[in-house]
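*Asks:* predicted structure and sequence below. I'll ask about it afterward.
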Amino acid sequence: MRLVLIGPPGAGKGTLAVRMKEKYGVAHISTGDMLRDNVKRDTELGKEAKRYMEAGKLVPDDVIIRMMAQRLKEPDCNEGFLLDGFPRTVPQAEALDDLLDVMGLTLDAVILFSIGDEEVVTRLSGRRVCKECGAIYHISFHPPLREGTCDLCGGEVVQREDDKEQVVRNRLEVYRQQTAPLVEFYRAKGLLFEVDASRSSEEVLASIETRLGVRDDHP
Ligand code: AMP
């Protein structure tokens, strides 16, 4: 299974990818998580990426493409992968085609997560994350038992800099301008299908499985 997940921030690509990774044993590759890890470890890459990320802008293509060229060679990709947040521009998609060509691989499908802007703003501006273990909360839909403290590890629960409302709106604009053109890029290749991402993650997973022909309705 080799899939690309496309959609605006907050559409639930990451949540879905985590569930599919558990179920199908494929690698979940989130460029956002990889970059945040580099920022946390204060690597050269992290230092370069940080200012773009905090402003809700895209990190330059060459940086991302170099990072992905390494990542796709790692052994956990042998069983397949879910690309979450990559590619995000047409040059990144072209580079992915080249990388896969060299590896003799093709994509099975590109899944477009459709969701309205206001739903994204509500989801993301209320999102909180644990600084220690990365657990995700929401101030209205899933608050921690004790405000500001992680239920799982006791770590501090904070708002990501790029989840602040104004930054979320910038990220949506960046999505429209730079990432949305990928919809036509992949539609033209006959790889694209769309899911309604405003539904629960169970429903989104079920419709993806049906479309991929991997759904087992007979437990
Ligand atoms: P995400 O967690 O996927 O929303 O990514 C968080 C931030 O990381 C984005 O707002 C960008 O600044 C950066 N980022 C993640 N993936 C990419 C990518 N493929 N190309 C450029 N920037 C990226």
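*Replies:* In hand now; what should we look at?
*Asks:* residues in contact with Val59?
*Replies:* Leu35, Glu48, Ala49, Tyr52, Met53 (Cβ atoms under 8 Å, 6 or more residues apart in numbering). Quick note: C-beta positions are derived from backbone N, CA and C, even for glycine.
*Asks:* quick one: contacts for the first one?
*Replies:* For Leu35, the residues meeting the contact criterion (Cβ under 8 Å, 6+ apart) are Leu45, Gly46, Ala49, Met53, Val59, Met67.
*Asks:* contacts for whatever helix or strand Arg128 lives in next, please.
*Replies:* For Arg128, the host element (DSSP states H and E) is strand 127-130. Identification of contacts with strand 127-130 by Cβ under 8 Å, 6+ apart yields 10, 135-139, 144, 150, 152-153, 155-160, 163.
*Asks:* and the ligand, which of these reach it?
*Replies:* Applying Cβ under 6 Å from any ligand atom, the subset of these adjacent to the ligand is empty.
*Asks:* mind listing the strands for the chain?
*Replies:* 2-6, 27-30, 81-84, 109-114, 127-130, 136-138, 157-158, 192-196 (DSSP state E).
*Asks:* would you list these in CSV and tack on mean pLDDT and mean neighbour count?
*Replies:* Conversion of these to CSV gives the following (pLDDT from 0 to 100; neighbours: other Cβ atoms under 10 Å):
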stretch, mean pLDDT, mean neighbour count
strand 2-6, 97, 23
strand 27-30, 96, 20
strand 81-84, 97, 24
strand 109-114, 97, 20
strand 127-130, 94, 20
strand 136-138, 92, 16
strand 157-158, 97, 17
strand 192-196, 96, 17
